[in-house]
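In: the following comprises the amino acid sequence and a computationally predicted model.
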Amino acid sequence: MSHVAIDSAWRILQGVRPALPRREKLGSELADANAAQARGYYLPDEDERLRVVYRQYLGARSTLWQMVRDLQPHLKGEDLRIFSLAFCAASMLMRSASYLMSWPKNGRWSGPSLTKQSHDTVSLAKPSPPSTGALAHQT
C-alpha cells in the first residue's frame, strides 16, 4: 500500500471523527428526545435536528466501513500502520454504535454514564513512516 494511500486513510479518520456522536455535541438532541417522549411526538424542528445528526452519523459510518474494506486486503503485510488505521476505524465504529445503543435507560434518554476517562477524548496521531514500523501515539 502506498504512502499516499496511508496518509489518505489517516486524513479520513480525522475528518470522520467530528461526525461521530459525542455527549457534548448531542445535548440538544437528548433534550429533544426527552421532550418528545414526554409529549408523545417530535416537533418539526426537533425532528429536523435529529435527522441532520443521524444523516451525519450514517455518512461517517459508511466512510469508516469503506475504509476498513479498502484496508483489509493489505492487513497481511508487515506494515503496522495499515493495521493501526483499520483498528482505529473499527474502534470508532464500535464506540459510536455502543454509545448510541446505550442511550435509552429507564424510559429516559440520558446518555451513557462513563466512570473512567471519556473515550470521546481520543486523539488521532499521524502514522509513523515505514522505517520506524510503529504508529505515533499522542495522549
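Out: Cool, the structure landed.
In: going forward, measure contacts and count neighbours with C-alpha atoms only.
Out: Fine.
In: for the closest residue to R49 other than its chain neighbours, give me its contacts.
Out: Counting by CA to CA, 6 or more residues apart in numbering, E29 is the residue found nearest to R49 once chain neighbours are left out, at 7.2 Å. Residues near E29 by CA atoms under 8 Å, 6 or more residues apart in numbering: 46, 49-50.
In: against E29, how distant is R39?
Out: Distance, R39 to E29, using CA to CA, to the nearest Å: 15 Å.
In: residue boundaries of the helices in the chain?
Out: Along the chain, counting by DSSP state H, helices occupy 3-16, 27-39, 44-71, 80-101.
In: may I see these organised as TSV, with mean pLDDT added?
Out: Formatted as TSV, the helices of the chain follow (pLDDT from 0 to 100):
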stretch	mean pLDDT
helix 3-16	90
helix 27-39	85
helix 44-71	90
helix 80-101	86
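In: would you tell me which one of these is buried the most?
Out: Most buried of these by mean neighbour count (mean count of other CA atoms under 10 Å) is helix 80-101; its value is a mean of 18.
In: which other helices and strands contact that helix?
Out: helix 3-16, helix 44-71 (3 or more CA pairs under 8 Å, 6 or more residues apart in numbering; DSSP states H and E).
In: kindly export the first one (C-alpha atoms) in CSV.
Out: By that I understand helix 3-16. Output in CSV follows, covering the C-alpha atoms of helix 3-16 (Å, rounded to 0.1, in the frame of the first residue of the first chain):
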residue,chain,number,x,y,z
HIS,A,3,2.4,6.1,1.4
VAL,A,4,-0.2,8.4,-0.2
ALA,A,5,-3.0,5.8,0.5
ILE,A,6,-1.9,5.5,4.1
ASP,A,7,-1.9,9.3,4.5
SER,A,8,-5.3,9.5,2.9
ALA,A,9,-6.7,6.9,5.3
TRP,A,10,-5.3,8.8,8.2
ARG,A,11,-6.9,12.1,6.9
ILE,A,12,-10.3,10.2,6.5
LEU,A,13,-10.1,9.2,10.2
GLN,A,14,-9.5,12.7,11.3
GLY,A,15,-12.3,14.0,9.0
VAL,A,16,-14.9,11.5,10.2
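In: lovely, talk soon.
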